[in-house]
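Undergrad: Show me how the following folds:
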Amino acid sequence: MLTRDKLDIYRRFNGDLDDRTRRAPDTRALISDEEWATIDELRMQIRIALGGQCSAAFRTALDARLAACCTPEVLAALLGEASG
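TA: Below is the predicted model of the structure:
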């Protein structure tokens, strides 16, 4: 589950996994590389969906994935970033 703490670490390094690995390797215990990649993917997919550049099936799958892996706070933050 993606939490606010994990998103905050991601943001601290502006989504740059290499930078995080070099400067703060201890954070790997807090957010895995897989979770990092999930945030990257979700951010991209949300922008695609909000831009209207996807099918209804893509949007339905994205909504299900967001509900399954994000806390409501993280979901709101990701949507806010993409729309603003």
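
Undergrad: Which residue is the nearest non-sequential neighbour of L30?
TA: I9 (6.0 Å; CB to CB, 6 or more residues apart in numbering). Placement of C-beta: from N, CA and C, glycine included.

Undergrad: Give me the distance between A56 and D63.
TA: Remark: distance between A56 and D63 (CB to CB, to the nearest Å) = 10 Å.

Undergrad: Can you pick out the residue with more neighbours from these two?
TA: D63 (12 against 7; other CB atoms under 10 Å).

Undergrad: Could you tell me the phi and psi values at the more buried one?
TA: The phi and psi torsions at D63 (degrees, to the nearest 10) take the values phi -60, psi -40.

Undergrad: Hmm, R28 and the residue nearest to L30 touching each other?
TA: No - using CB atoms under 8 Å as the test, I9 is too far from R28 to be in contact (9.9 Å).
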